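1. Here is the input, now give the coordinates:
(chains A and B)
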Number of protein chains: 2
Amino acid sequence: MLKRNFIIGVDFGATYVKVGKIDLKGVISKKNFFPTTDFKSREALIDRISSEISCAINEENSRILGIGIGVPGQVDYKRGIIHNLVNVNGWKNIPFRHILRKRFRGLEVFVDNDANVACLGERQWGSAKGYDNIICVTLGSGVGGGLIINGQLYRGKDYSAGEIGHICIDKKGKTCNCGSFGCLETFAGANYLKEMVIDKLKKKEKSIILKLAGGEYSNITAKLIDEAAKKGDVLSIDVWEETGRNIGLCLAGVVNLLNPEIIVIGGGVSKTGRILFDSIRQTVDDMALDIAKKRLRIVRARFVEDAGIVGAAALVKEELGL
Amino acid sequence: MLKRNFIIGVDFGATYVKVGKIDLKGVISKKNFFPTTDFKSREALIDRISSEISCAINEENSRILGIGIGVPGQVDYKRGIIHNLVNVNGWKNIPFRHILRKRFRGLEVFVDNDANVACLGERQWGSAKGYDNIICVTLGSGVGGGLIINGQLYRGKDYSAGEIGHICIDKKGKTCNCGSFGCLETFAGANYLKEMVIDKLKKKEKSIILKLAGGEYSNITAKLIDEAAKKGDVLSIDVWEETGRNIGLCLAGVVNLLNPEIIVIGGGVSKTGRILFDSIRQTVDDMALDIAKKRLRIVRARFVEDAGIVGAAALVKEELGL
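-> Numbering: from 1, shown residues only, chains lettered A, B, ... in the order given. As a prediction, the model looks like this:
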């Protein structure tokens, strides 16, 4: 019987590892996930990732063309070495590509930053299909980004390009995890949104959020703020509008610098109602130079939960020229 | 006798037009300039530019390979149409390439933005020689920029990329000429430096600047602020340090976004002592991500006064593959 071609896409997140089997049209035929933190050692985690990959490989009627991995940190993409995963213990200078190639002889393995692979996924099968100059923004607990320039993922001299979350938008802004200050991430990351809401609640602004959160500040999430906004909660609407203005302000600068065709916004925080996107679009329109914004589109990512596995598969497709 | 090869480089500035004859090693063999504003009509100005070009063409022993022009505004580079020169009257939607090609039949003509051509000049013959990922910043009355990405000038979808001066670095910043606010240009353009000094003088800060300026605020220039700083004037030193911090803050974001190899800083305002550059370098080092800045160099442009004519010649060299 004719075997169908698949790629294994691994989304190595700080919380979960997801492993998917994706065909050459970007359709997921199978996926699985497990908590990243369940393992006593790096080796145990690698074993588990490998066994998931093996399962997919050993299925009947499947020919696996390669393995792609997206990781939440900086990667020497050419050599497949993970420099450092700030949020996963014990992953410093790990030659992950080499390790997996040894386990899966005959299969190509590619490792890259998660925001980069998300960008490739959107271009290959998602909202940025057909575009050559693309900015992808991933709004999660942090703010990540990827750039496609003249049809190619642009990684920069040391493969660290695309860090939109660490552009300073406020000279007097507060300290960021990166050690700098005023970064977009300090205005638009999920943790910041939560802090912003708690601040406002403590100032006795009226809101239904605390009720939705069962009276616990710690239960407040981006999803909850979205729910509240959809119910007309003024505090929550304000938070989304302000977040949109901050993201838009940063993107206006990026638009003036790079004159892209399309900006794709994904990540968990992007799964909100229209308020955030309207505010982003309005701000870019107010602030960016006329020619730079004239033909610009700002759209939602197609892939959110699956951005990592689909993107990792897109990386393999791209690298192998499939 | 063997003819030597030259390119005509035209620097069409808002104040002066400079016309130069440049050889293929970037050496200027002849140059001339005249005020841009001396002409009653656009046609008269074009006539004068043409006659300067003709003189260079008609010299003995010279073979002219092409004509390059850098202009202070946005250009449809592919078609050679000047969209608009904000600071030169009557230059809206002018097919300048077409006009000059008709006058100089048989010669190739290329038109691009002045910051873009400056960037090409630095890569071809200047401080960025041998680099493939380059950011050029031009500090003049405004702040311009050019990007070379993977060895190619990056112009963006509508040829408007590189506008580093219009990246917002201050959410609460003041209005910029571009209509937005908080742009780098409002912190680092020559006019802003002057305003900043006058503000400080009005607040009765001690300084020798007013004396150097003959008692007239209107005589204060970037050059004078530099002179005063070199004499130990504290107010002037402060102004350069603060300007360097603002430029560095913006560049740190650009470095995180693009992970370039080298940043070349030119333009009239860059001709200062070490204070400005030290402050820029220190700020980028403080703020940029470790990997992105690890191998980064920040250097002075080789060409300042001649950046326009040399850059315009580099454009021709690049386009003709010479």
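2. Just read off the phi/psi values of residue A:66.
-> Here the main-chain torsion angles of residue A:66 (degrees, to the nearest 10) amount to phi 170, psi 170.
3. now residue A:69
-> Phi and psi for residue A:69, reported as degrees, to the nearest 10, are phi -140, psi 130.
4. For chain B, see how far away it is.
-> Counting by CB to the nearest CB, to the nearest Å, the separation of residue A:69 from chain B is 19 Å. Just so you know, the C-beta spots here come from the backbone N, C-alpha and C atoms, and that holds for glycine as well.
5. so that residue makes contact with residue A:7?
-> No. The pair residue A:69 and residue A:7 does not pass the contact test of CB atoms under 8 Å, sitting 11.3 Å apart.
6. pLDDT of stretch A:36-43, averaged?
-> Averaged over stretch A:36-43, pLDDT sits at 92.
7. for that stretch, how far is the first residue from the last?
-> The separation between the terminal residues of stretch A:36-43, taken as CA to CA, to the nearest Å, is 12 Å.
8. residues making contact with it?
-> Surrounding stretch A:36-43, the residues in contact under the criterion CB atoms under 8 Å, 6 or more residues apart in numbering or on different chains are A:12-17, A:45, A:48, A:88, A:90-91, A:94.
9. Give me the neighbour count for residue A:109.
-> Counted with other CB atoms under 10 Å in any protein chain shown, the burial measure for residue A:109 works out to 23 neighbours.
10. Grab the nearest non-local neighbour of residue A:233.
-> The shortest distance from residue A:233 to any residue that is not its chain neighbour, by CB to CB, 6 or more residues apart in numbering or on different chains, is 5.0 Å, and that residue is residue A:208.
11. which residues does the one you found contact?
-> Residue A:208 is in contact with A:228, A:231, A:233, counting by CB under 8 Å, 6+ apart.
12. Around chain B, which positions in the stretch 201-322 of chain A sit nearby?
-> Proximity of the stretch 201-322 of chain A to chain B is confined to A:246, A:249-250, A:252-254, A:256-261, A:286-289, A:291-292, A:294-296 under the rule CB under 8 Å from any CB of the partner chain.
13. Keep only those of the residues you listed that are in strands.
-> Secondary structure from DSSP state E places none of those in strands.
14. Buried ones among those?
-> Buried subset of these (neighbour count, 16 or more other CB atoms under 10 Å in any protein chain shown): A:246, A:249-250, A:252-254, A:256-261, A:287-289, A:291-292, A:296.
15. Could you dump the contacts of residue A:208 into JSON lines and include pLDDT?
-> Converted to JSON lines, those look like this (pLDDT from 0 to 100):
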{"residue": "A:228", "pLDDT": "96"}
{"residue": "A:231", "pLDDT": "96"}
{"residue": "A:233", "pLDDT": "97"}
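16. Please report which of the residues you listed has the highest neighbour count.
-> Tallying neighbours with other CB under 10 Å puts residue A:228 at the head of the contacts of residue A:208, with 25 neighbours.
17. any idea which element that one lies in?
-> Per DSSP states H and E: residue A:228 is located in helix A:222-230.
18. which other helices and strands contact that helix?
-> With contacts defined as 3 or more CB pairs under 8 Å, 6 or more residues apart in numbering or on different chains; DSSP states H and E, helix A:222-230 has these neighbours: helix A:190-202, helix A:209-212, helix A:234-258.
19. Wait, residue A:168 touches residue B:251, no?
-> No. Because the distance of 10.2 Å does not satisfy CB under 8 Å, residue A:168 is recorded as not touching residue B:251.
20. In terms of neighbours, single out the busier of these two.
-> When residue A:168 and residue B:251 are compared for neighbours, residue B:251 comes out ahead with 28 against 24, by other CB under 10 Å.
21. For residue A:25, grab the count of nearby residues.
-> Applying other CB under 10 Å, I find that residue A:25 has 7 neighbouring residues.
22. for residue A:71, that is, sorry about that
-> The tally of other residues near residue A:71 (other CB under 10 Å) stands at 28.
23. Leaving out the residues flanking it, which one is nearest to it?
-> By the measure of CB to CB, 6+ apart, the closest residue to residue A:71 outside its immediate chain neighbours is residue A:12, 4.6 Å from it.
24. from memory the one you found sits against residue A:75, does it?
-> No. If you go by CB under 8 Å, residue A:12 and residue A:75 don't touch, sitting 10.4 Å apart.
25. Can you pick out the residue with more neighbours from these two?
-> Between residue A:12 and residue A:75, residue A:75 has the larger neighbour count (other CB under 10 Å), namely 28 against 25.
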